[in-house]
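[1] Got a predicted structure here, sequence first:
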Amino acid sequence: MSMMMMMCLCAIGLLSFCLEHVMALASLPSPISGEGWPEKFPAKEHCSRCGLCETTFVSRVKEACAFLGDGMGRVDDAEMKVHGRQRDTASMAWSENKDRGEDLSTADEARFGVMHEPMRLAKGIGMRDAQWTGVVTSIALSMLEAGKVDAVVCIANSSEESNKSNPQAWSYPQPILAKTPEDVLRGRGVKPALSPSLNVLDEIKNDKSIRKLLFCGVGCAVQAFRAVQDDLGLEEVYVLGTNCVDNSPTPEAAQNFLQEGVQISELERVRGYEFMQDFKVHVKTSDGYITRPYFSLPGTVAAPSIATSCLACFDYTNGLADVVVGYMGAPLDGKMDESYQTLTIRNERGSQMVETAKDANRLYIGDVATGTGNHEQLATSTVAADSIVLEMVGGDVPTSGMPVWMGNILAFVISNYVSPKGVNFARYSIDYHILRNYLHILQEWGEDRAQQAMPQYAADIVSHYLQDETVRKLQSQLQITKQEKELKR
Ligand SMILES: Cc1cc2nc3c(=O)[nH]c(=O)nc-3n(C[C@H](O)[C@H](O)[C@H](O)COP(=O)(O)OP(=O)(O)OC[C@H]3O[C@@H](n4cnc5c(N)ncnc54)[C@H](O)[C@@H]3O)c2cc1C
Ligand code: SF4
Ligand code: SF4
């Protein structure tokens with residue numbers, strides 16, 4: 001073969017090699033830019049911006065997204081895959097069953113999800129500047145320091161240049177792949193807005209130094225993560241979840257809530273906030289706490305402060321995480337950074353994570369979480385008075401709240417004499433949010449898809465409350481309002 005011919009053959013070979021690669025690259029799914037949120041994202045206004053679509057894993061969106069197709073209805077099957085069994089939906093606790101001798105004082109699996117052992121109270125040890133006592137960061141840090149994982153996905157504050165002079169930088173979520181204890185500590189504190197937690201998926205897949213991973217996330221992000229975790233090529237995966245409800249769509253919406261709703265004039269002093277069991281918003285500032293009763297917030301502030309995705313969410317207690325941390329089922333003793341949190345261990349991996357933190361003397365485990373009181377009556381009356389529900393059923397949404405002194409008296413009376421406590425308070429909060437969200441998806445998607453998009457336990461809760469006349473009235477009022485709106489179009 002002549003030299004010329006050989007060179008020609010080599011050139012043809014090289015060309016076809018390049019073409020193959022160009023075609024392979026062209027067929028790679030294109031990540032969607034966050035700037036196009038929510039319109040350009042497959043779940044549109046119901047997108048919780050979990051981050052999956054901002055990576056090449058966007059190709060898996062149909063099976064992973066918590067808001068497309070069967071959405072959160074997929075949690076039932078996923079529980080079997082992750083925990084080896086589904087939650088015991090027959091264990092659902094109702095106050096009326098107390099008369100039949102059932103013990104309703106501890107967390108039921110049906111509502112709180114699969115449990116390896118009963119839900120416990122817990123505190124982080126020596127973890128400063130966390131949201132509460134830092135149970136989450138204590139576990140994550142212990143896992144990294146013990147060499148059980150190579151990296152931790154957690155949500156730090158945004159460190160973008162444009163944000164550095166912004167006193168509200170604390171509230172801008174930025175997912176990071178933390179490989180050092182210092183980086184894990186950057187995750188401390190809740191940033192009160194949707195966070196694209198999964199936008200680090202490609203980084204994880206391409207980083208050969210990561211064989212063992214700990215993923216921290218809220219329910220919608222964990223659901224999407226579980227759908228794709230096997231494609232990351234990892235040897236070990238641990239998932240540490242938090243409870244989550246009513247997140248703000250953006251940090252700016254959260255700031256607006258603090259200014260217009262809570263009437264905070266000096267935003268630069270704020271370090272975090274939480275909706276507490278005493279029916280008050282507690283705002284953590286650089287020099288203490290500011291509280292405001294829920295009843296003194298204008299009703300109109302609710303809709304812009306809550307992301308639409310969170311009105312279609314049925315995984316408050318993060319059913320697919322190995323361990324879940326929250327506060328709503330714990331007694332509120334004084335300040336956030338001194339009060340107990342709750343710890344739900346769902347499986348053997350979760351148990352290992354907790355043991356690792358205990359061995360490192362970073363975690364104190366208290367008693368089994370308990371509660372008292374009827375949760376159903378308050379759930380029904382809260383949903384009937386909820387301003388988002390009022391808007392759905394064509395009612396008047398109050399533009400101003402009660403005077404603060406009056407709101408404080410009402411919060412005192414309700415939390416001391418009416419509201420259930422501990423685990424039963426958590427049941428109240430879960431049921432109220434499920435009912436409100438059912439009404440939202442009924443309005444948005446209709447009854448068939450609503451039933452499809454709810455896990456079994458949520459459908460069971462809805463059907464129980466539909467025996468109540470107040471809830472039935474809301475449901476039919478919503479249908480009438482929906483028809484009237486459609487006729488006007
Ligand atoms: C948006 C949101 C709403 C919540 N609502 C409730 C509720 O209604 N009831 C309840 O019982 N518990 C709720 N929680 C959980 C609770 O606020 C605490 O996160 C939990 O008790 C852990 O506290 P900690 O001190 O152990 O956390 P820390 O040790 O301070 O760690 C904070 C953790 O939160 C993660 N995080 C921070 N911001 C975000 C974000 N925007 N999205 C996802 N993860 C984030 C960090 O990665 C870190 O892992 C919510 C959490 C979030 C993120
Ligand atoms: S919620 Fe996540 S998976 Fe669903 S559309 Fe939004 S970014 Fe994509
Ligand atoms: S409330 Fe649900 S949808 Fe909203 S951020 Fe939390 S887990 Fe996601």
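    That came through, no problem. Numbers count the residues shown, from 1 in each chain. Ligands and ions are numbered 1, 2, ... in the order given.

[2] Quick one: mean pLDDT for stretch 195-202?
    Within the predicted structure, the mean pLDDT of stretch 195-202 is 98.

[3] What sits closest to whichever residue of the stretch 301-450 of the chain sits closest to ligand 2 if chain neighbours are left out?
    Nearest to ligand 2, among the residues of the stretch 301-450 of the chain, is S309, at 6.6 Å (CB to the nearest ligand atom). In this view, the C-beta of every residue, glycine as well, is placed from N, C-alpha and C. Taking CB to CB, 6 or more residues apart in numbering as the measure, S309 lies nearest to S48, with 3.5 Å between them; neighbours along the chain are not counted.

[4] so that neighbour makes contact with D315?
    No: counting by CB atoms under 8 Å, S48 stays clear of D315, with 10.6 Å between them.

[5] Return every residue with contacts to both of those two.
    When contacts are counted by CB atoms under 8 Å, 6 or more residues apart in numbering, S48 and D315 have A66, C220 as shared neighbours.

[6] More neighbours: those two, which one.
    Here S48 and D315 are set side by side on neighbour count (other CB atoms under 10 Å), and the busier one is S48, at 30 against 24.

[7] So which residues on the stretch 301-450 of the chain come close to ligand 3?
    Residues of the stretch 301-450 of the chain lying close to ligand 3 by CB under 6 Å from any ligand atom are A307, S309, C310, C313, D315.

[8] Let's have these in a markdown table, adding pLDDT and distance to L240.
    As requested, these are exported to a markdown table (pLDDT from 0 to 100; distance: CB to CB, whole Å):
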| residue | pLDDT | distance to L240 |
| --- | --- | --- |
| A307 | 98 | 22 |
| S309 | 98 | 21 |
| C310 | 98 | 21 |
| C313 | 98 | 19 |
| D315 | 98 | 15 |
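
[9] By neighbours, which of those wins?
    Neighbour-wise, these (other CB under 10 Å) top out at C313, 28 neighbours.

[10] Helices along the stretch 1-150 of the chain, start to end?
    Per DSSP state H, counting those that start in this stretch, the stretch 1-150 of the chain has helices spanning 3-27, 61-64, 75-83, 109-112, 135-145. These are given in chain order.

[11] T380 is in contact with Y465, isn't it?
    Yes: under the criterion of CB under 8 Å, T380 is in contact with Y465, at a separation of 6.6 Å.

[12] Between these two, which contacts overlap?
    Jointly contacting T380 and Y465 under the rule CB under 8 Å, 6+ apart are L435, V471.

[13] about what we covered before: pick the one among the residues of the stretch 301-450 of the chain next to ligand 3 closest to I388.
    Ranking these by separation from I388, with CB to CB as the measure, puts C310 on top at 10.4 Å.

[14] hang on, that closest one is in a helix, isn't it?
    Yes: membership of C310 in a helix is supported by DSSP: H, G, I helix; E, B strand; the rest coil.

[15] List the residues that contact it.
    Residues in contact with C310, defined by CB under 8 Å, 6+ apart, are S48, V245, D246, N247.

[16] among those, which are in reach of ligand 2?
    Counting by CB under 6 Å from any ligand atom, S48 from those sit close to ligand 2.
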